[in-house]
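Asker: what's the 3D shape of this:
(one chain, ligands or ions: 2)
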Amino acid sequence: MEYGTIAAISTPMGEGAIAIVRLSGEEAIEIADRIFRSAGGSKLAEVPSHTIHYGRIIDPKSKEIAEEVMVSVMKGPRTFTRENVVEINCHGGIVSVNRVLQLALNAGAELAEPGEFTKRAFLNGRIDLSQAEAVMDLIRAKTDRAMGVALGQMEGRLSKLIRGLRQDIIETVAHVEVNIDYPEYDDVEEMTHRLLVEKATHIKAELQKLLQTSEQGKILREGLSTVIIGRPNVGKSSLLNSLVQENKAIVTDIPGTTRDVIEEYVNVRGVPLRLVDTAGIRETEDIVERIGVERSRQVLKEADLILLVLNSADELTKEDEQLFVAVEGMDVIVISNKTDLPQKVDMDRVREIAGNHQIVTTSLLEEEGIDDLEQAIAGMFFQGQLEAADMTYVSNNRHIALLHQALQAIDDVLSGIDMGTPIDIIQIDLTRTWELLGEIIGDTVQESLIDQLFSQFCLGK
Ligand code: GDP
Ligand code: ZN
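Answerer: Ligands and ions are numbered 1, 2, ... in the order given. Okay, here's the model as predicted:
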């Protein structure tokens, strides 16, 4: 199919020294030629594909030189969109990159809608829907590991798994068809039932396995929301600082993606921690008082992980004990800090009120015990199972919802068999499972959903 030629700024506004105007479409190269004069005098239409050219952008009307640029020419179909792609690398700031974009639009390109480059890659069959979504996740990926999940998905790991399941279902459906068409063979009916139970059970188990990864996948993507609590002066700020210092938020440099650094993101052994409300900890020292405030309760309630700090050079106070009550039922790591000082805390009592929570002893002043703490955090999150690098994680909310629906449908298949439901009714649920899984990879989605999905992308992607 042919679409018009689109253009957009595909680097984040105001960030970095280089900004890229990207064009994609049948006429991308011709349009670029209208506004580009290469230093060597050659026309982009004549240069080999996948080459870079130095020159200037000019306004064809006024002949005024707008920008000094590097231009990459990539002819379809060996491009991200499978169309002809030209990338104009400008050195200037927002004003000059906007000027180049404006000239490209004047020269015949249309302004790309958000996500339109990725949408084209999808529409031109370059990537499937889950891969397209992975591009979006990649743009937002906060840590190496989250990046790995997104990359794995983009490479089609999830798609491959889903395709396999759908293939299974199709084969089963075909078998059931035979049963419907030739009901006179008794043994076919029996075989069909056995096969149905076997296949549906297998598919159910696979769906459950995928869904189990979803929570972790989501955390990998969004970060484990973590709250540090404790009485004044126990060492909360020191803890925050040492976590931030030791684990610089990882920002990976993918050309053309948003590099948004969120200050309180730290990567602890592959677990992205989103240190919530840490500004509050930095500025006000009376977190205990703030626990009483409704907002703080809310922050606590939404936390995935609580780091509860005690001062072991002090006796336990009533305030300390109240904190344990406030975080009951949550994932908590207790940090008994200031081990370098004479110890006054009753550790038996701490163990008693800590219950199942892990206790780590630290001297943040002397930088002791931080490794143990990091180990505790990572161990709590991964429990060994997520370390396998080749696992498939589901981290996208739309996929998770569809997997849940597919699981429900396959459950209906199983209970249908159990209740002796006519086979053609069971067939409907089976087909539904197939369709729902198809929606994940975009085989059975409607146009409107596609538009809606792609509009969530940043402009220029
Ligand atoms: P917060 O009020 O809970 O945020 O506590 P801070 O992190 O601001 O620390 C309060 C004081 O305790 C500071 O003077 C720190 O230097 C000190 N401190 C923090 N951790 C330790 C530790 O492990 N040992 C000792 N001796 N002092 C510490
Ligand atoms: Zn502090």
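
Asker: gap between the residue in the stretch 251-400 of the chain that ligand 1 sits nearest to and residue 239?
Answerer: Proximity of the stretch 251-400 of the chain to ligand 1 (CB to the nearest ligand atom) peaks at residue 365, 3.4 Å away. C-betas here are computed from N, CA, C, even on glycine. Distance of residue 365 to residue 239, computed by CB to CB, to the nearest Å: 11 Å.

Asker: out of those two, which sits in the more crowded spot?
Answerer: The residue with more neighbours, out of residue 365 and residue 239, is residue 239; 22 against 14, by other CB atoms under 10 Å.

Asker: you'd agree that one is in a helix?
Answerer: Yes - under DSSP: H, G, I helix; E, B strand; the rest coil, residue 239 falls within a helix.

Asker: correct me, but it touches residue 308?
Answerer: No - under the criterion of CB atoms under 8 Å, residue 239 is not in contact with residue 308, lying 10.6 Å apart.

Asker: need the contact list for residue 316.
Answerer: Contact partners of residue 316, counting by CB atoms under 8 Å, 6 or more residues apart in numbering, are 310, 345-346, 349-350.

Asker: Can you flag which of the residues you listed belong to helices?
Answerer: Assigned to helices by DSSP state H, the following of the contacts of residue 316 qualify: 349-350.

Asker: By neighbours, which of the contacts of residue 316 wins?
Answerer: Neighbour counts for these peak at residue 310, which has 25 neighbours (criterion: other CB under 10 Å).

Asker: Could you check the pLDDT of it?
Answerer: Per-residue confidence (pLDDT) for residue 310: 95.

Asker: got the residues of this protein near ligand 2?
Answerer: Applying CB under 5 Å from the ion, we find that the chain lies next to ligand 2 at 236-237.

Asker: And residue 115, how far from residue 81?
Answerer: With CB to CB as the criterion, residue 115 and residue 81 are 12 Å apart.

Asker: Look at those two and report which has more neighbours.
Answerer: Neighbours around residue 115 and residue 81, counted as other CB under 10 Å, are more numerous at residue 81. The numbers are 26 against 23.

Asker: Surely the more buried one and residue 122 touch.
Answerer: No - shown here, residue 81 and residue 122 do not form a contact pair, counting by CB under 8 Å, at 9.3 Å.

Asker: Give the rounded mean pLDDT of the helix or strand in which residue 374 is found.
Answerer: Using DSSP states H and E, residue 374 maps to helix 370-382. Mean pLDDT, helix 370-382: 85.

Asker: now stretch 399-417
Answerer: 93.

Asker: From what I see, residue 202 and residue 168 are in contact.
Answerer: Yes - with contacts defined as CB under 8 Å, residue 202 counts as touching residue 168 at a distance of 7.1 Å.

Asker: Compare these two (neighbour count), which wins?
Answerer: Set residue 202 next to residue 168 and count neighbours by other CB under 10 Å: residue 168 wins out with 17 against 14.

Asker: Confirm that that one sits in a strand.
Answerer: No - secondary structure of residue 168, determined by three-state DSSP: helix, with no strand assignment.

Asker: and the helix or strand harbouring residue 160, which residues are buried?
Answerer: In the assignment (DSSP H and E), residue 160 maps to helix 157-181. Within helix 157-181, the residues that count as buried by 16 or more other CB atoms under 10 Å are 157-159, 161-163, 165-166, 168-169, 172-173, 176, 179.

Asker: so what does it touch, helix or strand wise?
Answerer: helix 129-140, helix 186-222, helix 423-441 (3 or more CB pairs under 8 Å, 6 or more residues apart in numbering; DSSP states H and E).

Asker: need the least confident one among those, by mean pLDDT.
Answerer: Across these, the lowest-scoring stretch is helix 129-140, with a mean of 72.

Asker: Touching the helix holding residue 160 from outside, list them.
Answerer: Helix 157-181 is contacted from outside by 128, 130-131, 152-153, 188-189, 191-192, 195-196, 199-200, 202-203, 206-207, 210, 392, 394, 399, 423-424, 426-427, 430-431, 433-434, 437-438, 440-441, 443, using CB under 8 Å, 6+ apart.

Asker: Give me the below-cutoff pLDDT ranges for the stretch 201-350 of the chain.
Answerer: 215-222, 246-265, 276-299 (pLDDT under 70).
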